[in-house]
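coordinates only, sequence not included:
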């Protein structure tokens, strides 16, 4: 059946679907309340698409995995302000809107997908293939587990997603890039340039001396931004962190024991079974396999010869009940060891199961998990206490009470900051001492006006804080007397750059049509370095800096160009232009496919934009703002 389905489904639909499925698996996540999901109901509508709504819960389900991936890429350094600046939430919401638009249009066109197409899509999906490129049942199960999906739920999702894929395939399938266009772009991208280069490093310049007071004053006045101090703020912050109000040892033992009893299932490792399967494509093949096993035939031989099964998919490995689709789990976890089951029908085919190993359930003892439970309970209890305390503090501050008095009254820690810039550094560039939630405190300090007291805020780790801004020191150019040494160093650096730049210009001027750069440089006892083949997008391609490479690609053969950067000045003469004349069919085909993919994505974007006229879209900006 599988082979028949593959033939019937064809490769076009499946290939179009692959990208959608892989993106979708990045989207499917677990709904959990995040640090950014502040106080509104999951039912809150954040956008409407035609007659349908996108709710906060829908957005949160997609947003959380996206933020987790970004934090992993950035090493965890991603706060709310950066998320706003990056436009993460708007981008994710736009994707959800596009999906809704396509789903509504597919429904209007009455597009549906059969079980046979669903089966082909699952088996041919790269997300479920192992290192050998074949369908991997254990990997398939792992992906389902990570996304808290059962096999039935996945099939239901594909019944919704495939019509969307069909529609996009119909719109974009005919888009292609002509070979001459791909060849021209291939030659442009693949062009290389070779040059002779002479460098004049700043580090080689001898001492340029000390500036006169007049020269230093002139330099200082013409470069004010070099000596401009950032905005500083003087403020006091009152704060209290969870560890200040609750320690793990403060939790009564009877409460810890009660929590353990309530959550005992979390600390249990359920029974696990190593399961093998024969997956037949039809009922007839399933019955034939069952008969062969009853006759004593080898399990693997039956799977590979009768069911035509990939040997790598026979052993499913050690599995928990929830790792398997319910219809299979109900059978596998009742089977005695080494006894084949009757054939079982699922959307993937006909399964015959065998259990070859059983590991009984195990439970972690109270003593083993006690520290974990105490820590979790202490953290939650502290956060709850701080939330209530924060409301009381907020009320008192709103009544006009001074921050210091309020901190003393409620036992908050008071920290005075003499001066801090937006990055938390003092006037000497050293980090200031701040309580927990440093980023949130600085963000609040620079969002509060001079003389004002902020509202009480609670950081993601549960810390509450409020601050009073005593003084705002606007950005200003520091007096020359205060930055004298810095100004001298900057003046000397500029003199060195000017010196090497003049040397480079003089050398370039000495090059004539009949006298090459290499000859002129040799006469001056300067070192000439032949460059390797340079590409347009080369970065830090020694000995040619990016500024020089850019000029070389704008030059003609024999031209001389100069460039200067912080490290020195450079003179180069373009010696050769290498253009790939006969790109291989494989290279052109790959580039054509890439360009066609980009064009198809553009066409799909235009289509969803046009659908907005049929299904009006409204974004509830006020609801979105409450999420961050």
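Sure thing, it's come through. Source: prediction; values computed, not measured.

moving C-terminal of the helix or strand harbouring residue 104, what's the next helix or strand?
Taking DSSP states H and E as the criterion, residue 104 maps to helix 88-108. Next in sequence after helix 88-108, counting helices and strands by DSSP H and E, comes helix 115-123.

for that following helix, packing partners?
helix 2-9, helix 11-27, helix 151-172 (3 or more CB pairs under 8 Å, 6 or more residues apart in numbering; DSSP states H and E). (Each C-beta comes from the backbone N, C-alpha and C, glycine too.)

Could you give the separation of the longest one from the chain centroid?
This means helix 151-172. Distance, stretch centre to chain centre, for helix 151-172: 25 Å (CA atoms, centre = their mean, to the nearest Å).

what sits up against the next helix or strand along the chain from that helix?
Reading on from helix 151-172 to the C-terminus, the next helix or strand found by DSSP H and E is helix 179-190. In this structure, residues lying in contact with helix 179-190 by CB atoms under 8 Å, 6 or more residues apart in numbering are 535-536, 579-581, 583, 587-588, 591-592, 595.

Just send the residues you listed back as TSV, with neighbour count too.
Putting the contacts of helix 179-190 into TSV (neighbours: other CB atoms under 10 Å) gives the following:
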residue	neighbour count
535	15
536	14
579	10
580	15
581	6
583	16
587	14
588	17
591	20
592	19
595	17
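
for those residues, which one is nearest residue 387?
Distance ranking of the contacts of helix 179-190 against residue 387, using CB to CB, places residue 595 first at 54.3 Å.

give the contact list for the closest one.
Per CB under 8 Å, 6+ apart, neighbours of residue 595: 177, 181-182, 185.

Neighbour-wise, give me the winner out of those.
Neighbour counts for these peak at residue 182, which has 22 neighbours (criterion: other CB atoms under 10 Å).

May I see the buried residues of the longest helix belonging to the chain?
With secondary structure taken from DSSP state H, the chain has its longest helix at helix 366-398. The neighbour-count check on helix 366-398 (16 or more other CB atoms under 10 Å) flags 369-370, 373-374, 376-379, 381-383, 385-386, 389-390, 393-394, 396-397 as buried.

neighbouring contacts of the helix or strand just after it?
Heading C-terminal from helix 366-398, the first helix or strand you meet, by DSSP H and E, is helix 403-410. For helix 403-410, the surrounding residues in contact (CB under 8 Å, 6+ apart) are 236, 238, 240, 389, 392-393, 396-397, 401, 412-414, 453, 466-468.

cool, and stretch 452-470?
For stretch 452-470, contacts defined as CB under 8 Å, 6+ apart pick out 35, 233-242, 379, 382-383, 386-387, 389-391, 393-394, 397, 402-403, 406, 412, 435-437, 440-441, 444-445, 447-451.

Now, of those residues, which are buried?
Applying 16+ other CB under 10 Å to the contacts of stretch 452-470, the neighbour count classes 233-242, 379, 382-383, 386, 389-390, 393-394, 397, 403, 406, 412, 435-437, 440-441, 444-445, 448 as buried.

Next step: the contacts of helix 179-190 restricted to helices.
For the contacts of helix 179-190, the ones inside helices are 587-588, 591-592, 595, with DSSP H as the criterion.

Now for those: which two are most distant?
Farthest pair in those (CB to CB) is 587 and 595. Separation: 12.6 Å.

Columns pLDDT and distance to residue 507 on top of the contacts of helix 179-190, output as CSV?
Formatted as CSV, the contacts of helix 179-190 follow (pLDDT from 0 to 100; distance: CB to CB, whole Å):
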residue, pLDDT, distance to residue 507
535, 89, 26
536, 86, 25
579, 91, 29
580, 88, 32
581, 83, 34
583, 84, 38
587, 88, 40
588, 90, 42
591, 90, 40
592, 91, 45
595, 92, 43
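
Just give me the closest of the residues you listed to residue 211.
Taking these together and measuring to residue 211 by CB to CB, the closest member is residue 536, at 40.6 Å.

Surely residue 419 is in a strand?
Yes: read with DSSP: H, G, I helix; E, B strand; the rest coil, residue 419 is one of the residues of a strand.
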